[in-house]
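> My questions are about this predicted structure, shown below with the sequence.
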Amino acid sequence: MKTTTAPLTATGRSPAADGFLRDVLHGLRRRRKRLPCKYFYDAAGSALFDRICDLDEYYLTRCELDLLRRHAAEMAEAAGRGAVLIEYGSGSSLKTRLLLDQLREPAAYVPVDISGEHLSRSAARLRRRYPALPVLPVAADFTQPFELPPLPPAAGRSVVLFSGSTIGNFRPAEAARLLRQMARLCGPDGALLVAADLKKDRAVLEAAYNDRLGVTAAFNLNLLTRMNHELHTDFVVDRFRHHAFYNARRGRMEMHLVSLADQTVHVGGAALSFARGETIRTEFSYKYSPRDFAELAERAGLKVERMWTDEKQWFSAQWLTLHSGGRTGGK
């Protein structure tokens, strides 16, 4: 197995530069304003999210780490020898190390992330930690089709890792489409390892998105700062505040930016009005029961072969494969 097959710089053009203005205008011209959460993750946003993961209130990272420490060896056994690990939305890849440490002679690790700069730094750190492992970063919007880099010829089973409960950022129909896309990328013998946050007490959920230190608020508001820098908009950040709550009817947490005054913002030559109290929804995160997630997998033509949870049973990792003789086509 070759030990140096790719440059440290992530392949592909950072997609955040393509379509950013179009997506912003489309979202802010709607009656109920919204912005895609994928644009949170510029360098500053990615660094803020790393801080969020260390917060006392943000149980998700602790639960996922507990889950991995308990069960990573079983996950590696399911992946088999010589696996290619493809991580969607890899970020800093810190949790991934627990799985990489358990994999038997992995053929390659392919981190995929929308923030090319952050991705390249993370890939460099992983190269130093695993000098015999080909680390092949890809800068891509994983919600759109993308190409894998050339893989070692002796590569075994492809396994997509989707950690951090990011699957919750998609409506169920969108999530099913994304799971189908992952399955096609892996091929008929591949597998998906998908983290999903489980339903629990509202107070626990809302505290995780409204931390005392205000890091999540800064993360949310950074989206306005990013638009000012990259799209030359004129948002006055202090005229908006962070608001997060659990929408029980839809079974999801929601994050919004609330306008604190009647105001006008210029975006790409367009003048957009905001009323006092009007919100921009920037993110939602669906919470699942085990049955909910099994039904989601079924919609994608997949089946849950195994589910692991942390000690509190607040968080899950789901091992998905194609139904026997199944297909990942469909709408």
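Received, thanks. Numbers count the residues shown, from 1 in each chain.
> Please identify the helix or strand for residue 265.
Element membership for residue 265 (DSSP states H and E) is strand 263-267.
> Neighbouring strands - and their directions - for that strand?
Sheet pairing for strand 263-267, assigned by DSSP bridges, gives strand 270-274 (antiparallel).
> What residues of the partner strand count as buried?
For strand 270-274, the neighbour count (16 or more other C-beta atoms under 10 Å) marks 272, 274 as buried. All C-beta spots, glycine's among them, are computed from the backbone N, C-alpha and C.
> now that strand, how far from the chain's geometric center?
Computed by C-alpha atoms, centre = their mean, to the nearest Å, the chain-centroid distance of strand 270-274 equals 30 Å.
> could you dump the helix or strand that it is followed by to PDB, C-alpha only?
Next helix or strand after strand 270-274 toward the C-terminus (DSSP H and E): strand 279-286. Taking C-alpha atoms only, strand 279-286 is exported to PDB below (Å, rounded to 0.1, in the frame of the first residue of the first chain):
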ATOM      1  CA  THR A 279     -36.700  35.900  11.800                       C
ATOM      2  CA  ILE A 280     -34.300  34.100   9.400                       C
ATOM      3  CA  ARG A 281     -34.300  30.400  10.000                       C
ATOM      4  CA  THR A 282     -30.600  29.300   9.700                       C
ATOM      5  CA  GLU A 283     -30.800  25.600  10.900                       C
ATOM      6  CA  PHE A 284     -33.100  22.800  12.000                       C
ATOM      7  CA  SER A 285     -32.100  19.500  13.500                       C
ATOM      8  CA  TYR A 286     -34.500  16.600  13.500                       C
END
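> got a list of contacts for strand 279-286?
With contact meaning C-beta atoms under 8 Å, 6 or more residues apart in numbering, strand 279-286 is reached by 27-28, 32-35, 37, 40, 165, 167-172, 175, 197, 220, 223, 240, 243, 247, 250-259.
> Would you mind getting the angle between it and strand 270-274?
80 degrees (axes from the mean of the first three to the mean of the last three C-alpha atoms, to 10 degrees).
> What residues of the following helix or strand past strand 279-286 count as buried?
Using DSSP H and E, the helix or strand that follows strand 279-286 towards the C-terminus is helix 290-299. Buried residues in helix 290-299, counted by 16+ other C-beta under 10 Å: 290, 292, 293, 294, 296, 297.
> cool, and stretch 22-42?
23-24, 27-28, 33-42.
> and it, how far from the chain's centre?
Its chain's average C-alpha position is 17 Å from that of stretch 22-42, according to C-alpha atoms, centre = their mean.
> so who does residue 297 touch?
179, 303, 304, 318, 320.
> Mind doing that once more with 7 Å?
179, 303, 304, 320 (C-beta atoms under 7 Å, 6 or more residues apart in numbering).
> Quick check: it vs residue 304, distance?
5 Å (C-beta to C-beta, to the nearest Å).
> before we move on, what about residue 205?
23 Å.
> Those two - which one has more neighbours?
Ranked by neighbour count (other C-beta atoms under 10 Å), residue 205 and residue 304 place residue 205 first, with 23 against 19.
> Might one say that that one is in contact with residue 255?
No - contact between residue 205 and residue 255 fails when scored by C-beta atoms under 7 Å: they sit 11.9 Å apart.
> Excluding chain neighbours, give the residue nearest to residue 226 in space.
Once flanking residues are discounted, residue 226 sits nearest to residue 42: 5.1 Å by C-beta to C-beta, 6 or more residues apart in numbering.
> so how far is the helix or strand encompassing residue 76 off the chain centroid?
Assigned by DSSP H and E, residue 76 belongs to helix 59-79. Taking the mean of its C-alpha atoms, helix 59-79 sits 17 Å from the chain's own mean (C-alpha atoms, centre = their mean).
> Just name whatever secondary elements that helix is in contact with.
Counting contacts by 3 or more C-beta pairs under 7 Å, 6 or more residues apart in numbering; DSSP states H and E, helix 59-79 is packed against helix 96-100, strand 191-197, helix 202-208, strand 302-309, strand 315-322.
> if we can go back for a sec, got any residues that touch both of residue 297 and residue 304?
The contact sets of residue 297 and residue 304 overlap at residue 320 (C-beta under 7 Å, 6+ apart).
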